[in-house]
Structure formats: structure tokens, C-alpha cells
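Undergrad: Provide a 3D model corresponding to the input given below.
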Amino acid sequence: MATFSQGFLSSLGRPAMTQSLFDLGSTIGGLPGQLQQKRKEQEQLNRFNLLSQTSEKGTIAAQEGNLTDLEATISQLREQVKSAETAEEQREINNVLSNLVSKRPSAKKTSIGNNAQRMVAIEQQLKTLPAGDPQRGALQAEFDKLKKNPETLSQYQGRTLNIWNFKKKQEDLEAEQYLDANRARINQAINDGNMDLVNAIIQEEPRFSDETQQYVTTAFRHKEAREVFEERSIERTKEPNTTLYENAVNELPEQFRKSLVPVLEQYKKASEGWDGKQWTTTGSRMAAIRLEKQLKDRIVAAQTAEATAAFNDARSIKNTAEANLVRANLRLEQASVLTTEEERRAVLNAGAFFTGKKRPSTEQLEKQVQKEREKLLTSKRNLALKEVTYYKGLLYGVDDEEVEEEVEDDSPYRIIDGKKLSFSEIQEDVKLFGENKVRRLLKERGATEEDIAFYFPYEPTEREKRMEAFGTRDERVSALGRGFVARTDALGTREERMKSLGSRAERMKALGSREERTSSLFN
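TA: As a prediction, the model looks like this:
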């Protein structure tokens, strides 16, 4: 039996002790409720912390253009709304959800920009990788996948064009520096008639050879006039040559003549001191010599400026043609993808096809939509291909026949995307990359269904091969004969068949009694 100390028992009678025990009992009695409340508060705090983390994750995903993570976060929040325990918590979750949903457009724009930049990076990387590098296949596959999005492709093309324009501006600066560094050499070589040196200078920088050729052509046209200036100067012949200088000025373009006319008029005025035999006016000869030298220098400078303008014009024309070729190539690349507007047009055209006709099934409508898509893609591709061909001819002076690749074998071929692709080449590609990928690439390059059928002729199934061995239906029927009588004729007449079977009594006896037949079914 349990015993208590005297001190403990005596303390029970003291009021203070009694009150403290009462308070302790109240505290102990309320402890479970307090713990439950604190646990509930902690759980709520944890849920709000989780909501804060989810909101931050979604915001970062939106800023980075990570649509996958953003959509996953939105879906997660929608589930959290369903499990919210209080109206306040539900309201907080909905606020976060609305905020992230509002970020979708900007996140999509960022995502498209990221993907376009990735395409540019892949393109640059592919240029540095050697042929046969295993990375090329994976990078090209990623590039082709990104290209399927028309918005991404459009941004990629815009960035590609911007990069090209930047490079061209840098090249224009280099062209200007090249001409400044070589103008005196070119002019001196032309004046000396040293055409070997002129041609060598033209070939020194192949990037600017066409422009330099235009400079030389223009400068060379004025070479004879400059030589005559020296031979027929007043200091050598004593008489002025107003007609010579007037003709030289008139040969220049209008923008270069304006600054020369005042000096020419002054020269003509000073030349009036020559009477055909001698200078009659004091000081007129010296004035004419001074003005002649000034006029000659200005004419030569204007001729050099005209040659420089020819250089710049040639460069401008080439840049324009190259820019148009770049755009045409980009359009040709885009011809494998329909924009949102073109996709809508394909659907509308398909609907118009069935106007006034029996309402089509879903399958029929989809087939027609696909046909309209193919029409639009073919039209885009053909237009872009014509542009590419035109600007190539303008820049390089070649026609289609000169740029076509030769087929090395005698295998039959089709023209796909402006190139000859033989049957044997396609079969080799199938071995390397698989039939599905080759089919897809051919379609992207504009191959028609007829082209596909040419490269991938129909192969009959095993059943069709067996049936072919049996011959056609007409041949089989012909061998068997037509009608029941013809097919049973080989068995003999009905009387002969019935006789071979025996009488009914004989047949029944062979089968046994009814009881025997019934018994055999259950044993």
C-alpha cells in the first residue's frame, strides 16, 4: 500500500496549496486544447510559407520564360485552392494564382525570345563543329524542333537579320578603310598604265573586288582627260583650253558639276585676254594659269569622288541584293511552317470547299484542311525559291542549270528544293537516319506525295504476296469454275455422291442407336 509523507499530508490542508493545486489542474486540463491550437497555427504558418515559396517559384519561372514550370505552379495552386481550410487562405491562394496567370503573356514572350536565341546559338555552334561530329545530329534535331513554332522562327529570323546587318555595317567600315588606304595606289597605277598592278590591287581583298573594279572602271574613263590636261596646259602651249575643261566638267554627274562651274567661269573670263595669238591683257595669262591649275585639281578631285561614289554604289547594290537573298533564304526556311494567320486561312479555305455540298465528316474536313495547308506551304516555298534563285543570279551571275548539283550515279531522281536527289541517295540516307526522319525532311523541303511515293514505293504485305501467288480472283474463279455445279462437278453427279454414302438406314446404323449417340456425348 502506498504511503505519503507527513509534510505532504499537512500541506493539503493549507489554502494556498489548495489554490495552487486548483490552478495547476486547470492548466493541465487546458493543455491539450492549447497544444492543438498551437499545432493548428503552426500548420497554417507552414501552409502560408509553402504558398510563399510556390509564388516565388512561379514568379522566377515567369521571369525566365520557363512556361513548363509556370504552368506546373499554376496547376499546383489550383489544387491548393481546393484544400484551403479557411476563407482567408483561399483568398491568399487565389491572389497568388491570379498574379501568376497574368504573367503568362510576358513569360511566353520571354520563352520565345529564349528559344530564338537558342536557335542562333545552335546555328553558330554547328558552324564550328566538323562534319561527322556526333553532336551535330542532336543539335540539328533541337534546332528543327524549335523551328516548328512560327513565333520562335520569326524571332530567330529577325535576330539572324540583325546579326547580318551588324556584320555588314562593320564590313562597310572596313571597305571604306580599304579604299582610303589604296586609293592613291590605284590612281597612280592607272595614271602609269600599270594594269597588272591595278588587277593585283583588285584581287588583294576579294570581299571588295567588285566594288574596286567599279572604282577602277570609272577612274580609268577619266585617265585620257587628265593626260590631255598636262599636255595642253597654258604653261606648255601658252594658249588657254576652255573647251577642254568645259567638256571635262560636263562629263561629271550633276552633284559634282555645281562646285566647278564658278571656277570654270572665272577661267573663261581670264582666258578672254588671249586673242588667238598672244595674251593682250596684262596679268591675264598668270591669272589663267592659276585658275587652270585650280580648275584641273578640282576636276581631278571630282573625278576621284565620282569613282569613290561608284565604289560605294556598287557596294550598296551588292548589300541590297545580299540582304534580299538573306531574307529570301529566311522565307524559304519559314516555308516549312505556317503562321497562325495562314493556319486560320487553311481552315477557312477547307470550309469553303464544302460550301453547298453535303456536310463533311470530321475526317473529311481534316483531310481537306491538310490539303489546304500543303497548298499554302507549296505556294510559300515556290515564291521563296524563285526569290532565292533570282538574287543568286543577280549576285553570282549563274542560272539554275549552273548551280544544280550533278548526280554521280545513273539512279532515277527527282528535283527537291531545287536539287537533284536520286533514289539511291535517299536509300542511303534511310540506312543512316531511318525512313521516318527522311520522309519528314523531304516533306519539309517541299516534296509532294508523288515524290514520297517515288522514293518509297509501296511494298505488299505477306498476305498480299501469298494472294498474288494464288493469282487474281478471276483466275482463281476460272480455275474452280463458276457456280456450285461447276465447283462440285469433280465429285460426280448427285446420284453418284449419294450412292457412295450409302442408304439412310446404312448411314444411321453406322452412327449407332440414339441412346449410344447420346451416351457418347457425356462420356
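Undergrad: excluding its backbone neighbours, what's nearest the most centrally placed residue in the chain?
TA: With distances taken as Cα atoms, centre = their mean, Leu153 lies nearest the centre of the chain, 4.4 Å away. Among residues not flanking Leu153 along the chain, Lys147 sits closest, at 5.2 Å (Cβ to Cβ, 6 or more residues apart in numbering). In short, each C-beta sits where N, CA and C put it, glycine included.
Undergrad: I'd guessed the one you found sits against Glu333; true?
TA: Yes: at 7.5 Å, Lys147 counts as touching Glu333 under the criterion of Cβ atoms under 8 Å.
Undergrad: distance between the ends of stretch 126-139?
TA: 8 Å (Cα to Cα, to the nearest Å).
Undergrad: contact partners for Glu343?
TA: Arg373 (Cβ atoms under 8 Å, 6 or more residues apart in numbering).
Undergrad: next, count neighbours for Leu264.
TA: Close neighbours of Leu264, defined as other Cβ atoms under 10 Å, add up to 20.
Undergrad: report pLDDT for it.
TA: We have a pLDDT of 92 for Leu264.
Undergrad: ok, now which ones touch it?
TA: Tyr245, Glu246, Val249, Leu295.
Undergrad: do the same with Gln80
TA: Neighbour list for Gln80: Leu51, Thr54, Ile93 [criterion: Cβ under 8 Å, 6+ apart].
Undergrad: what is the burial count for the first one?
TA: The number of residues packed around Leu51, counting by other Cβ under 10 Å, is 19.
Undergrad: wait, which of the contacts of Gln80 is closest to Phe354?
TA: Ile93 (47.5 Å; Cβ to Cβ).
Undergrad: the closest one contacts Glu79, doesn't it?
TA: No: taking contacts as Cβ under 8 Å, Ile93 lies outside contact range of Glu79: 9.7 Å.
Undergrad: okay, the two: which has more neighbours?
TA: Neighbours around Ile93 and Glu79, counted as other Cβ under 10 Å, are more numerous at Ile93. The numbers are 23 against 9.
Undergrad: can you tell me the SS state at the more buried one?
TA: helix (DSSP: H, G, I helix; E, B strand; the rest coil).
Undergrad: swap in Ile415?
TA: Taking three-state DSSP, the label given to Ile415 is strand.
Undergrad: for the closest residue to it other than its chain neighbours, list the residues it contacts.
TA: Spatial nearest neighbour of Ile415, chain neighbours left out: Leu421 (7.8 Å); criterion: Cβ to Cβ, 6+ apart. Leu421 is in contact with Tyr413, Arg414, Ile415, Leu442, Tyr455, counting by Cβ under 8 Å, 6+ apart.
Undergrad: and of those residues, the nearest to Val261?
TA: Ile415 (59.4 Å).
Undergrad: so how far is the helix or strand where the residue nearest to Ile415 lies off the chain centroid?
TA: Per DSSP states H and E: Leu421 is located in strand 419-422. Relative to the chain's own centre, strand 419-422 is displaced by 23 Å; criterion: Cα atoms, centre = their mean, to the nearest Å.
Undergrad: list the buried residues of that strand.
TA: Leu421, Ser422 (16 or more other Cβ atoms under 10 Å).
Undergrad: listing partners with orientation, what would you give for it?
TA: strand 413-416 (antiparallel) (DSSP bridges).
Undergrad: could you check how far Ile416 is from Leu385?
TA: According to Cβ to Cβ, to the nearest Å, Ile416 and Leu385 sit 11 Å apart.
Undergrad: can you list residues touching both of the two?
TA: Taking Cβ under 8 Å, 6+ apart as the contact rule, Ile416 and Leu385 both touch Gly446.
Undergrad: who's in contact with stretch 205-217?
TA: Defining contact as Cβ under 8 Å, 6+ apart, one finds that stretch 205-217 is touched by 171, 174-175, 178-179, 182-183, 186, 190, 198, 201-203, 307-308, 310-315, 318.
Undergrad: just the C-alpha atoms of it, please, in PDB.
TA: Presented in PDB, the C-alpha positions along stretch 205-217 are these (Å, rounded to 0.1, in the frame of the first residue of the first chain):
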ATOM      1  CA  GLU A 205      40.800  41.900-100.900                       C
ATOM      2  CA  PRO A 206      38.200  39.500-102.500                       C
ATOM      3  CA  ARG A 207      35.400  40.900-100.400                       C
ATOM      4  CA  PHE A 208      35.700  44.300-102.100                       C
ATOM      5  CA  SER A 209      36.900  43.200-105.500                       C
ATOM      6  CA  ASP A 210      33.600  44.000-107.300                       C
ATOM      7  CA  GLU A 211      33.500  47.500-105.800                       C
ATOM      8  CA  THR A 212      37.100  48.200-106.500                       C
ATOM      9  CA  GLN A 213      36.600  47.100-110.100                       C
ATOM     10  CA  GLN A 214      33.800  49.800-110.400                       C
ATOM     11  CA  TYR A 215      36.200  52.400-109.000                       C
ATOM     12  CA  VAL A 216      38.900  51.400-111.500                       C
ATOM     13  CA  THR A 217      36.400  51.500-114.400                       C
END
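Undergrad: for it, what is the distance to the chain centroid?
TA: Its chain's average C-alpha position is 33 Å from that of stretch 205-217, according to Cα atoms, centre = their mean.
Undergrad: now do the buried residues in that stretch.
TA: Glu205, Phe208, Glu211, Thr212, Gln213, Gln214, Tyr215, Val216.
Undergrad: not counting stretch 139-148 itself, show me its contacts.
TA: Under Cβ under 8 Å, 6+ apart, the answer for stretch 139-148 is 115-116, 118-119, 122-123, 125-126, 129, 152-153, 156, 333, 336-337, 444.
Undergrad: any of those buried? List them.
TA: By neighbour count, with 16+ other Cβ under 10 Å, the contacts of stretch 139-148 hold Asn115, Ala116, Met119, Ile122, Thr152, Leu153, Tyr156, Glu333, Ser336, Val337, Glu444 as buried.
Undergrad: which ones among those are found in helices?
TA: Counted as lying in helices by DSSP state H, out of the buried ones among the contacts of stretch 139-148, are Asn115, Ala116, Met119, Ile122, Thr152, Leu153, Tyr156, Glu333, Glu444.
Undergrad: which residues does the third one contact?
TA: To tie it back to what came earlier, the one meant is Met119. Contacts of Met119 (Cβ under 8 Å, 6+ apart): Phe143, Leu146, Lys147, Thr152, Leu153, Tyr156.
Undergrad: now it: closest residue in space that isn't a chain neighbour?
TA: That would be Tyr156: by Cβ to Cβ, 6+ apart, it lies 4.3 Å from Met119.
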